[in-house]
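> model this:
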Amino acid sequence: MSNNLWHEGTIGVPKKHGGYTVVHYWAKVYDEPSEYGIEKGRISKAMLKQNGKIVYNFDRGLDVTPQTEEAEMALAILLKEYS
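Residues are numbered from 1 along each chain as shown. Below is the predicted model:
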């Protein structure tokens, strides 16, 4: 099993008129998929923040649905990265 389960970083989501919106993330990722993971995948916990506000949270279940388009895009990127 991996020693480093927690991943943290930023995702730059492109804006329509140039530039990026920064979405900061924390994700607990396991080596194997789980029934407790997002879409039964490897991510069991994830938080996304945009401008200091929580825009998505999953802790073995959905707590906060994506609150912005950028949160939806960042979540899709995380799911692809850690699938």
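> and the spatially most central residue of the chain, helix, strand or coil?
Centre of the chain computed as the mean C-alpha position; nearest residue by Cα atoms, centre = their mean is Leu75, 4.4 Å away. The local conformation at Leu75, judged by DSSP: H, G, I helix; E, B strand; the rest coil, is helix.
> and what of Ser34?
Taking three-state DSSP, the label given to Ser34 is coil.
> name the nearest residue to it, ignoring sequence neighbours.
Ser44 (5.9 Å; Cβ to Cβ, 6 or more residues apart in numbering). C-beta here means a position set from N, CA and C on the backbone, and glycine is covered the same way.
> follow the chain on from the strand or helix carrying that neighbour and name the next helix or strand.
Element membership for Ser44, per DSSP states H and E: strand 43-50. Counting by DSSP H and E, the next helix or strand C-terminal to strand 43-50 is strand 53-59.
> tell me the mean pLDDT for the following helix or strand past that next one?
Going down the chain from strand 53-59, the next helix or strand is strand 62-64, by DSSP H and E. Averaging pLDDT along strand 62-64 yields 97.
> just stretch 31-48 next, same as before
Stretch 31-48 comes out with an average pLDDT of 95.
> what's the span of that stretch, first residue to last?
Start and end residues of stretch 31-48 are separated by 21 Å (Cα to Cα, to the nearest Å).
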